Structures are given as structure tokens and as C-alpha cells.
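> Sequence first, then the predicted structure:
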Amino acid sequence: MRRFWRGLFIFMLGGLFGTALGIAVGLFIFPFVFPPPPAAEQLTEADRSELAATGTFIHANPSDPVHWGRGKVSVYERTVYLEPDFEVGPGPKYHVYLVPNAGVRKEDQVTGSMLVDLGRLRSFKGSQRYPVPAGVDLKKYPSVVIWCEAFGVLISPADLKAVN
């Protein structure tokens, strides 16, 4: 009888761990299997204030095939606009940050910085706009990065070049 209860306990414990692992893997893989549709947001006249800077997203670590990005970004006085050619590899909980460091290529250049979180990335592909909070001096932020908050990983940085 004791052997029966021990076997039942091990069976239940295995079922519990298997379910938890299945849910965790499913949540991680979900964005890869069912990505959101491409975004197609347009700039409004209010967004098209003075163009302050432009940049291009790059693959910061070519030896990492999962975390990559490409496409252009335009920064206006009140809006950060990811251009229609923007695209990143899918993943969980990506955010768009303004970062006060130039030439960002590693995670430690983002963590510990006084960055500005513009919000969660709405799509892995296509044009998107993010309002810049009032009082932010764009001259102090020479980089825009896509950051995975779930794992603390740099996905793709863009070095900004001032327009003037």
C-alpha cells in the first residue's frame, strides 16, 4: 500500500512540474508562433513637430541569432517614430527606451542608466509612434533601444544623428 501512495505522489508531482514547464515554454514560444500583425501607424500633424534626429536599428550582437533588429527611427520633439521598414525578432515584453549613452552594444550600457521608457512595443514589424514625455531633453539621449524587460536583454539599438 505504501508503494501505491509513493507512486501516486510521484505521478502527481511529475504532472504538476510538467504542467508548469509546459505553460512556461508556451508563454515563451507564443510570440514566435502567433506574432501580432504588422503595425501601420502614421504620423499626425501634431506628431510632425521639428525633426530632431534619425537613426537605424542594428543587430548589436551578430553571434546571437535570436535578438536582432533593423529599420529606421525618426525622433521628433514630441514623438519617436519607428519607420515602416522597422522589424525585430519576436519575443516577450519588448519596450522602447531612450538611452543617455551613445554607441549602445551591450546590456550593461542600458542597465543603471537614467533611461526614458516610451512604452511597450506594439508590434514586431511596421511603423509605430511613441510620445516623448514632456520635459525630456532629446539632446541628452543619443540612442533608442528595443529592450526585453522579461529577460533584461538588449534586442536592437539605434544610434541617433542630430538633424540640423
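That came in fine, so what should we check first?
> and this protein, what are its domains?
Annotated domains of the chain cover 1-34, 39-162 [automatic domain parsing].
> Would you mind finding the most buried of those?
A comparison of these by mean neighbour count, using mean count of other Cβ atoms under 10 Å, puts domain 39-162 on top with a mean of 17. Backbone N, C-alpha and C define where each C-beta goes, glycine included.
> Would you pull up how far that domain lies from the middle of the chain?
Computed by Cα atoms, centre = their mean, to the nearest Å, the chain-centroid distance of domain 39-162 equals 8 Å.
> Going by mean pLDDT, which of the domains of the chain comes out lowest?
Mean pLDDT across those is lowest at domain 1-34; the value there is a mean of 76.
> just checking, residue 117 is part of a strand?
Yes. Assessed by DSSP: H, G, I helix; E, B strand; the rest coil, residue 117 belongs to a strand.
> from what I can see it touches residue 99, true?
No. Contact criterion Cβ atoms under 8 Å: residue 117 and residue 99 do not qualify, at 10.4 Å.
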